[in-house]
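Trainee: Mind folding the following:
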Amino acid sequence: MEKLDTNASKEQRFCQFSEDYKQIYLSLTYSIIFVLGLSLNSTVLWLSWCQTKRWGCATIYLVNLMVADLLYVLTLPFLIIAYSLGDRWPFGELLCRLVRFLFYTNLYGSILLLTCISVHRFLSVCHPLRSLPYRTRRHALLGAAATWALVVLQLLPTLGFSHTDYVDGQVICYDTTSPENFDQFFAYSMVLTLSGFVLPSFVILVCYALMVRRLTMPEDTLMRTSNAARAKSIRTILLVCSLFTLCVVPFHVTRSFYFTLRFLTSQDCQLLMVASLAYKIWRPLVSMSSCLNPVLYFLLVGNNRVRLFQKLKHNNVGEHPAGAQGERPRGGEIWALAR
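Mentor: You can find the predicted model right below:
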């Protein structure tokens, strides 16, 4: 929805290229994400709310992730309508700023929550006894609260950068900011990429690498962990890292490249068009991460599927078989949450 990509920005005043693809592509992809994200995240929140068992660390992180996803997907109808209208924003200044803010809140909040989950799981796998005092509900609540506070502080500037404006005779909502403020926005976005993506990603990869090394040690060095269980854990780690890399890394790479070209006032119109196209194509795909948490939640932990079918059949928590929740492996939800 960034009208800067036609003839509004100073670096692109000699580069005019069509973005008609956004009217169909972005409207369609955001519609799919909205339907899937709303239904799947609502279902997982419902299951978590209905369970009689006291919430553990995994469920606390799960609920926070689902809330972040829901806050974002509820803004998608505004984007769908605006893109279908050819970038015209009919919803006013406040919703423009709020929609942009919630997009980045979901993105960087999810990354930081994943970092908390990775550290928690790393401690439970590599230091199971020494870390027991730190793997508690209290620490999980503090970690989730600190994550929200840090994300909000990091993203407050987006409320100032994003705003509405008149371009080519219609009201648009800047995804970045107006041309005269782009230099300041570029510096802010680079700092945000470093603090909100690069550093947390490094922590996540280190934690998972150490877990894989631990799980591939000879069996006598681990405490009664079967080969099948270790193999499943390793597969899960690889799947989680692959999905995270697929969704989040290309978005930040294409975004940083596109912003850098704009900052350098590149006059290579073809390169600028390719960079813009790559960034705009990947922008809705990063939002697919809003659908991956609940999908992994059901696919990787079999007993969660059993619980869902039982709830749909009986619509009563008390009618569940006594062993439905007790058989769930400790920490299994944490694997299913990771993006």
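Trainee: Tell me which helix or strand comes right after the longest helix anywhere in the chain.
Mentor: Identified as the longest helix of the chain according to DSSP state H is helix 227-263. For helix 227-263, the following helix or strand on the C-terminal side (DSSP states H and E) is helix 269-286.
Trainee: Just checking the distance from that following helix to the centre of its chain.
Mentor: From the chain centre to the centre of helix 269-286 is a distance of 19 Å (CA atoms, centre = their mean, to the nearest Å).
Trainee: List the buried residues for it?
Mentor: 272-284, 286 (16 or more other CB atoms under 10 Å). Where C-beta positions appear, they are placed from N, C-alpha and C, glycine not excepted.
Trainee: Just send these back as JSON lines, with distance to residue 23 too.
Mentor: Putting the buried residues of helix 269-286 into JSON lines (distance: CB to CB, whole Å) gives the following:
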{"residue": "272", "distance to residue 23": "21"}
{"residue": "273", "distance to residue 23": "17"}
{"residue": "274", "distance to residue 23": "20"}
{"residue": "275", "distance to residue 23": "20"}
{"residue": "276", "distance to residue 23": "15"}
{"residue": "277", "distance to residue 23": "14"}
{"residue": "278", "distance to residue 23": "18"}
{"residue": "279", "distance to residue 23": "17"}
{"residue": "280", "distance to residue 23": "12"}
{"residue": "281", "distance to residue 23": "14"}
{"residue": "282", "distance to residue 23": "18"}
{"residue": "283", "distance to residue 23": "15"}
{"residue": "284", "distance to residue 23": "13"}
{"residue": "286", "distance to residue 23": "20"}
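Trainee: Output these as TSV; include the columns distance to residue 27 and pLDDT.
Mentor: Putting these into TSV (distance: CB to CB, whole Å; pLDDT from 0 to 100) gives the following:
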residue	distance to residue 27	pLDDT
272	24	87
273	21	88
274	22	89
275	22	91
276	18	89
277	17	90
278	19	91
279	18	92
280	13	89
281	14	89
282	16	89
283	13	88
284	10	86
286	17	87
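Trainee: Looking at those, which is nearest residue 188?
Mentor: residue 279 (16.9 Å; CB to CB).
Trainee: pLDDT below threshold where in this structure?
Mentor: 1-14, 51-52, 218-230, 232, 266-267, 296-339 (pLDDT under 70).
Trainee: Mind jotting down where the strands sit in it?
Mentor: Using DSSP state E, the strands of the chain run over residues 164-167, 170-173.
Trainee: Quick check: the gap between the spatially closest residue to residue 84 that is not a sequence neighbour and residue 36.
Mentor: Counting by CB to CB, 6 or more residues apart in numbering, residue 84 lies nearest to residue 27, which is 4.6 Å off, once chain neighbours are set aside. From residue 27 across to residue 36, the span is 15 Å (CB to CB, to the nearest Å).
Trainee: now residue 86
Mentor: 25 Å.
Trainee: Which one's more surrounded, these two?
Mentor: Shown here are residue 86 and residue 36; by other CB atoms under 10 Å, residue 36 has more neighbours (17 against 13).
Trainee: circling back to that earlier point, pretty sure the residue nearest to residue 84 is touching residue 83, no?
Mentor: Yes. With contacts counted by CB atoms under 8 Å, residue 27 reaches residue 83, the gap being 4.7 Å.
Trainee: Compare the two (neighbour count), which wins?
Mentor: Higher neighbour count among residue 27 and residue 83: residue 83, with 23 against 17, using other CB under 10 Å.
Trainee: got a list of what the more buried one touches?
Mentor: 1, 22-23, 26-27, 30 (CB atoms under 8 Å, 6 or more residues apart in numbering).
Trainee: Tell me the most packed of these, by neighbour count.
Mentor: Counting neighbours by other CB under 10 Å, the top entry in the contacts of residue 83 is residue 30, with 25 neighbours.
Trainee: measure residue 168 to residue 83 for me?
Mentor: Counting by CB to CB, the gap from residue 168 to residue 83 is 16 Å.
Trainee: and if you look at residue 159?
Mentor: According to CB to CB, residue 159 stands 22 Å off from residue 83.
Trainee: Could you do residue 113 as well?
Mentor: Taken as CB to CB, the span from residue 113 to residue 83 is 28 Å.
Trainee: Noted, bye for now.
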